[in-house]
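*Asks:* Pasting the sequence and the predicted coordinates here, then a few questions.
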Amino acid sequence: IVAALDWLDARAGWDPGTARREVAARLAALDLHALQDRGVLRGRVNQRDTASALAEYYGTSTTGHGRYSATFGTNTAASTTVLTHPDWLDLDCPLFPKHDKLKLAGVTPADNITMDEASADRAA
């Protein structure tokens, strides 16, 4: 936690200890019962509910984009929350290391990354 708060101070251009004080002030004002209630409510949402809500929200696409789904047998279907498009899929690729052509990209974060006040506030 200390390393994360120090990182936030540096990226936000804050004086050392500012992120710690911001987080401490927010924790002191936190309603623990309300937080627990939110956690319980979120725990009741399952993948099927999420997929259905996204289907209702986005409706029918005219561009070919949609949620990834699969059909098993004649009557069983599974839908996901993953957005896809037919052009993004290559179903001729076996999904094992010799054929999947996946590579990990090395990313080295730049030391000069900064954030604006609103981003720093949200991070805290």
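*Replies:* In hand now; what should we look at? This one's a predicted model, so the numbers in the text were calculated from it and none came from an experiment. Residues are numbered from 1 along each chain as shown.
*Asks:* buried set for the lengthiest strand in the chain?
*Replies:* Assignment by DSSP state E gives strand 76-84 as the longest strand of the chain. Neighbour counts over strand 76-84 (16 or more other Cβ atoms under 10 Å) mark Ser79 as buried. Every C-beta, even on glycine, is put in place using the N, C-alpha and C of the backbone.
*Asks:* which secondary structure elements does it contact?
*Replies:* Judged by 3 or more Cβ pairs under 8 Å, 6 or more residues apart in numbering; DSSP states H and E, strand 76-84 is in contact with helix 47-58, strand 66-72.
*Asks:* want to try TSV for the ones you listed, with mean neighbour count, distance to Leu8 and mean pLDDT as columns?
*Replies:* Listed next are these as TSV, based on neighbours: other Cβ atoms under 10 Å; distance: least, Cβ to Cβ, whole Å; pLDDT from 0 to 100:
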stretch	mean neighbour count	distance to Leu8	mean pLDDT
helix 47-58	12	30	86
strand 66-72	12	35	82
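*Asks:* Quick check: which of these is nearest to Ala118?
*Replies:* helix 47-58 (26.1 Å; Cβ to Cβ).
*Asks:* Show residues contacting the closest one.
*Replies:* Contact with helix 47-58 is made by Gly66, Arg67, Ser79, Thr80, Thr81, as judged by Cβ atoms under 8 Å, 6 or more residues apart in numbering.
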